[in-house]
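Trainee: got a sequence here, can you model it:
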Amino acid sequence: MSAMTATTTHPASTSAASPAALLRPDGGPCRILVVDDEASLSELLSMALRYEGCEVRTAGDGAAAIRTACAFRPDAVVLDVMLPDMDGLAVLGRLRRELPHVPVLFLTAKDSVEDRIAGLTAGGDDYVTKPFSLEEVVARLRGLIRRSGAARAARSESVLVVGDLRLDEDSHEVSRGGEEIHLTATEFELLRYLMRNPRRVLSKAQILDRVWSYDFGGQANVVELYISYLRRKLESGPGRSPMIHTRRGAGYLIKPGE
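Mentor: As a prediction, this is how the structure comes out:
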């Protein structure tokens, strides 16, 4: 259980002015996962981060944190070391298998050198001890996200990979399991958008805006039509499991075949 209460923090709204919103490279809001079993503290952190333009999800224990991270695909994680079901170091190990490059900021009441070393050695990117100010946490996250973005840019390649599906953004070559797949220009753009957001549900409106660049109004079924084209080309054939999935009333997502 967390040893400190939310009253030890100071609301971000007390700042004279908010810095620029925390944004992803594509211009969308940064997604932050806050993991703490103290609900009042999680709520204060969430409010401060939303004030900075972030999209926030919370979890109160390690199991919920892992489930939420897999679905939400956060750009950064604020992780309490002491959780009711497992410690933060164990949670971090599970997160790193699913999201190997996501920056993690530890929150803890422990401030010994040994605890700091343990957290950082386990793969944490930064460490804040309680009590702390919300402004400090936001500033630390801002730095982590900025450095993480630079690191992603440094290692980025033109090739997107989801399971055994490979898309080369430069050559426009697509293959699954080593077998080349020929796509039209629109099919390629739709697949690229899905693969840039693996395991994330994308609505028809989002897809229309990004792939077709304008609203089709009553012709939104064009998305369904092109999804069916992609499924036929990507999933037909022996041994090929489904990769593009429908979430009724929500949209579509792509994930590795099972």
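Trainee: hey, let's count contacts and neighbours off CA atoms from now on
Mentor: Fine.
Trainee: so where's this structure uncertain?
Mentor: For the chain, the stretches flagged by pLDDT under 70 are 1-20, 25-27, 110-122, 149-157, 213-220.
Trainee: ok, which stretches of it are strands?
Mentor: With DSSP state E, the ranges of strands along the chain come out as 31-35, 55-59, 76-80, 104-108, 126-129, 159-162, 165-168, 174-176, 179-181, 244-247, 251-254.
Trainee: residue 92 and residue 79, how far apart?
Mentor: With distances defined as CA to CA, to the nearest Å, the gap from residue 92 to residue 79 amounts to 8 Å.
Trainee: so what's the residue nearest to residue 75 when sequence neighbours are not counted up against?
Mentor: Excluding the flanking residues, the one nearest residue 75 by CA to CA, 6 or more residues apart in numbering is residue 31, at 5.2 Å. Counting by CA atoms under 8 Å, 6 or more residues apart in numbering, residue 31 touches 54-57, 72-76.
Trainee: how about those in CSV, adding neighbour count and distance to residue 83?
Mentor: Written out in CSV, the entries for the contacts of residue 31 read as follows (neighbours: other CA atoms under 10 Å; distance: CA to CA, whole Å):
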residue, neighbour count, distance to residue 83
54, 21, 24
55, 20, 23
56, 19, 19
57, 18, 17
72, 18, 20
73, 19, 21
74, 20, 19
75, 24, 21
76, 22, 18
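Trainee: with respect to residue 126, which of the residues you listed is nearest?
Mentor: Distances from residue 126 to these, taken as CA to CA, are shortest for residue 76 (11.2 Å).
Trainee: okay, that closest one and residue 255: tell me how far apart.
Mentor: From residue 76 to residue 255 the distance is 21 Å (CA to CA).
Trainee: ditto for residue 232
Mentor: Computed with CA to CA, the distance linking residue 232 and residue 255 is 16 Å.
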